[in-house]
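Using only what follows, build the 3D model:
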Amino acid sequence: MQIELAYGKVGLVLDLSEAWDVTVIEPKYVPGLPDSEAALRQALEAPLASPPLRMLARPGMHIGIVFSDITRPTPHRLILPAVLRELESVPELQVTLFNALGTHRPNTEAELREMLGDELVERYRIVQNNAFERETQTCLGATASGNELWHNRELLECDLKVLTGFIEPHMFAGFSGGGKALLPGMAGQSSVLNNHRASLIADPRATWGVTQGNPIYEEIQQAAGMAGGVFLLNVTLNKHKEITCVFAGDLAAAHAAGCDFTRETAMVPVLQPFEIVLTGNSGYPLDLNLYQAVKGMSAAAQIVRPGGAIIIAADCWDGIPEHGRYAQLLRESASPQALLEKIMSSPPGQDHWQVQIQAQVQQKAEVFVYSHNLSDEQVRGALLKPCGDIAGRLGALVKEYGTRARVCVLPEGPMTIPYLSG
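Next up, the predicted model:
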């Protein structure tokens, strides 16, 4: 049988043996909206539990529009113009675009132009969050768990904060979108580290599709509420990165509606675990590096049996990467178990959450990585196993586990989140 994994910009076509017991799991297909611009306009004019954005924006106000960075496939070229049309009463000099980097690297000018288009880059001032410079931040106070919230000062000084983004299941925050534009998006490093600390990552409720009782999600929502003056515009996307639905208005109401829609379309129940799970990381831009590919590993781990195997195909044009602490933390440990022990006994640190989740996955299953941009040495240095031939590796694993071994394929990676329904 022939399947295509979302991989980079072009996809990856594979021929799998008809003799194998293969199950393909994809999200429920939702076609793109016939007129995305009209849908965005209608959502902004009739938002959930909020006055229309045009009524909230008044002359004299300073307005901040928050957008996600290049690691997310958010359709900024549709979303931002729709927001700006509703803000026509506000002079352009009083509108600032904020790039919600969290603790990621700054985007280059070329990347910003690719994401936003030349016109927006040239017309509006853009501030890229610097989580590492305390002098750019203001403290809002502490959350219920005691996390001091430091956020970008310029954004907090805005009278109205429009949070944009897209909603998909998230491996420890439940779902993306919503308040994540502020925490971690526009937060200081210490606030991000404490929100992503090991004890919370290890909480069984901090996982895909869970919001109620999820300590990370609940703190994110609390942080957004403390920032004040927030209006949400989130969308959902299909595998073609087309907008399938729009959610605008009050943060809690709009995000909850988006999460319900996403849960119904992107989360798929299965009856029993599989010996082998083959996945991608949703293609460009989500599979830009191995750090981001941990999401695909985590999605596959939801339905792999203990002692099973995961194969992930990720383009990784950005490498491991070497910026941040992810690569260094992996190199400093002899095994996933040693890595996990180190993280659990250490104070919160940069990228600890990503290596912790990777190690938790590896406690359950072997993980093989296919990427034409990573060498075998790089993959082994990340405590993972290289895979140069996916079909060949699958054949060897089926032979190892026995002819009755069950194989699951997630062609769209973590755009589909399977879960055991028993």
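
State the distance from residue 184 to residue 324.
13 Å (C-beta to C-beta, to the nearest Å). For glycine as for every other residue, the C-beta is placed from the backbone atoms N, C-alpha and C.

who's more crowded, the two?
Each of residue 184 and residue 324 has its neighbours counted (other C-beta atoms under 10 Å); residue 184 has more, 26 against 17.

Surely that one touches residue 103?
Yes. Using C-beta atoms under 8 Å, residue 184 is in contact with residue 103, at 6.7 Å.

list residues touching both of those two?
131, 192 (C-beta atoms under 8 Å, 6 or more residues apart in numbering).

Between residue 184 and residue 324, which contacts overlap?
residue 103.

Surely residue 232 forms part of a strand?
Yes. Residue 232 forms part of a strand when assessed by DSSP: H, G, I helix; E, B strand; the rest coil.

So what sits opposite it in the bridge?
On the basis of DSSP bridges, residue 232 is bridged to residue 163, residue 249.

okay but it is in contact with residue 257, surely?
No. Counting by C-beta under 8 Å, residue 232 stays clear of residue 257, with 10.1 Å between them.

what's residue 132 in contact with, if anything?
103, 189.

ok, back up a step: quick one: which of residue 232 and residue 257 has more around it?
residue 232 (27 against 19).

list the contacts for the more buried one?
Going by C-beta under 8 Å, 6+ apart, the list of residues near residue 232 reads 162, 163, 177, 178, 247, 248, 249, 250, 251, 254, 255.

Next: residue 327.
Counted by C-beta under 8 Å, 6+ apart, residue 327 has contacts 320, 321, 381, 382.

Return the member of the residues you listed nearest to residue 157.
residue 321 (32.4 Å; C-beta to C-beta).

low pLDDT regions in this protein?
Counting by pLDDT under 70, the chain shows low-confidence ranges at 422.

run the last query once more with 90
27, 58-59, 71-72, 239-240, 285, 322-324, 403-404, 415, 421-422 (pLDDT under 90).

Tell me how this structure divides into domains.
2-27+271-420, 36-265 (automatic domain parsing).

residues near residue 364, how many?
17.

Sorry, slip of the keys, the one I care about is residue 134.
Neighbours of residue 134 (other C-beta under 10 Å): 13.

ok, and the most crowded of the contacts of residue 327?
residue 382 (23 neighbours).

wouldn't that residue be in contact with residue 320 here?
Yes. At 6.3 Å, residue 382 counts as touching residue 320 under the criterion of C-beta under 8 Å.
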